[in-house]
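Task: produce atomic coordinates for the following.
(one chain, ligands or ions: 2)
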Amino acid sequence: MSLVVMKFGGTSVGSIERIRNVARIIAKKKEAGHDVVVTVSAMAGETDRLIGLLKEVDENYSLREYDQIVSTGEQASSPLVAQTLITMGCPAVSLTGIQIGMETDGSHSKCRIMNIKGDRIRKELAEGKVCIVAGFQGYYPPTGDITTLGRGGSDTTAVAIAAALKADVCEIYTDVDGIYSGDPRVVRKAKKMDRVSYDEMLELASLGAKVLQSRSVEFGMNYGVDIMVLSSLEEKPGTLVTKEDDEMEQVIVRGVASDKNQAKLTIRNVPDKPGIAATIFSSLAEDAINVDVIVQDVSVEGNTDLSFTVAKTDLNRAMESCRKVSEQIGAGEVLTDEEVAKVSIVGVGMRSHAGVAAKMFKVLADNNINIIMITTSEIKVSCVVEEKYSELAVRVLHEAFVED
Ligand code: ASP
Ligand code: MG
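Numbering: from 1, shown residues only. Ligands and ions are numbered 1, 2, ... in the order given. Predicted coordinates for the structure are as follows:
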């Protein structure tokens, strides 16, 4: 007999009707002879609703109270699923993060999992029940307080439980039927991938393919959990996120992604001497602003221009931070550009193939798309372009690299 962990997202449990559909999928798995552990998200929109209520009380709410309230979303959806199963004649029990011994650190609203005890789940499974675990939550043992894993955290709950119980597979059911080589709304010929490596998935996830929380993929990679992404609405094969193998290396570009949540800042006339970049980026780090692509121009008469991108949502704060530092270090004005997007090609095959970046630049040039900034990693090349060209860029790159 095998152990399967299944996860259903907010849309999949968004109404009682949908919950009945989910319960049928679960019951079928159980009838096929598997031990089944399920984690669920809150019903669609519920987490946002709860956060909205808390903000109405006080914009500067305490993160402890935030965790207390948002964790109730999953504490409501899990018994609804469990009761639906029981009513259908399938023994089930709902469990909260505390009840399954999901121990985390104490950082409220973005905690990290430290340990899962697992004995409660094992006991319930041994009694023939399906366990329906509230996703996204745990607790901090020294205080006993509830903690949550950050938005989208139920994915990580599922993968962590699969790792702790050494499950055979972790199935993530969602409202899309897998991971695509490009956004199907933009690229007509986007294809569903059968398999994608953890590394590729991490690059694609951080590039805006928001199917899985990145931390769940990291978890899967570290503990060797196979993650299957499938549709809860239609029965068809999904995409397996798994470890890299030789065959994957044959494919140079697995996917093309774009991220419009990018804005560019340029600090003019930065004195070109040791320690300056450290000062600028430390100041941004202190303000918890993540910096993405960085370009420093060639120095002219001891001064250089320094450009980098941040999330659009962080632009105002980043600008303030840069203006302050610029004054301190005697640099010039701070310029911003919100109309940029980052377009990337991703694939583990790039490790063993030359000329991939050159081809990307050529394809963009042939389509008159100007490249503003470039960054690369072992398995990714990203170009910052004018936002209005982002869709065109994705389409032509997909055509050049993925379509055959
Ligand atoms: N309910 C939480 C959220 O909306 C966690 C999750 O759905 O994974 O972010
Ligand atoms: Mg999600």
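
residue ranges of the helices in the stretch 251-400 of the chain, please?
Using DSSP state H, counting those that start in this stretch, the helices found in the stretch 251-400 of the chain span residues 276-286, 315-329, 356-366, 390-401.

could I get the ones you listed as CSV with mean neighbour count, distance to L95 and mean pLDDT?
From N, CA and C alone the C-beta is placed, and that goes for glycine too. CSV is the format used below for the helices of the stretch 251-400 of the chain (neighbours: other C-beta atoms under 10 Å; distance: least, C-beta to C-beta, whole Å; pLDDT from 0 to 100):
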stretch, mean neighbour count, distance to L95, mean pLDDT
helix 276-286, 15, 38, 92
helix 315-329, 17, 40, 94
helix 356-366, 16, 47, 97
helix 390-401, 21, 42, 97
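
Export those helices to JSON lines and append columns for distance to ligand 1.
Rendered in JSON lines, the data for the helices of the stretch 251-400 of the chain read as follows (distance: least, C-beta to the nearest ligand atom, whole Å):
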{"stretch": "helix 276-286", "distance to ligand 1": "25"}
{"stretch": "helix 315-329", "distance to ligand 1": "23"}
{"stretch": "helix 356-366", "distance to ligand 1": "34"}
{"stretch": "helix 390-401", "distance to ligand 1": "26"}
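
residue ranges with poor pLDDT in the protein?
Across the chain, the stretches falling below the confidence threshold (pLDDT under 70) are 206-209.

How about the contacts made by Q68?
By C-beta atoms under 8 Å, 6 or more residues apart in numbering, Q68 lies in contact with D145, I146.

swap the cut-off to 10 Å and go again
With contact set as C-beta atoms under 10 Å, 6 or more residues apart in numbering, Q68 has these partners: L50, L54, S62, H108, D145, I146, T147, T148.

ok, it to A357 distance?
49 Å (C-beta to C-beta, to the nearest Å).

Near ligand 1, which residues of the stretch 151-300 of the chain? Just list them.
Contacts of the stretch 151-300 of the chain with ligand 1, taken as C-beta under 6 Å from any ligand atom, map to R151, G152, G153, S154.

Top of those by number of neighbours, please.
Taking other C-beta atoms under 10 Å as the neighbour criterion, S154 ranks highest of these with 30 neighbours.

Contact partners for that residue?
Taking C-beta under 10 Å, 6+ apart as the criterion, S154 is in contact with 7-10, 39-42, 47, 73-74, 77, 133-137, 148, 172, 213, 216.

right, and the helix or strand after the helix ranked longest in the chain?
The longest helix of the chain (DSSP state H) is helix 63-87. As assigned by DSSP states H and E, the chain's next helix or strand after helix 63-87 is strand 92-95.

Could you tell me which strands that following strand is paired with, and in which direction each runs?
Within its sheet, strand 92-95 is paired with strand 130-134 (parallel), according to DSSP bridges.

Please state the offset of the strand it pairs with from the chain centre?
A distance of 23 Å separates the C-alpha centroid of strand 130-134 from that of its chain, computed with C-alpha atoms, centre = their mean, to the nearest Å.

Check whether that strand comes into contact with ligand 1.
No - among the residues of strand 130-134, none lie within reach of ligand 1 under C-beta under 6 Å from any ligand atom; the closest is 9.7 Å away.
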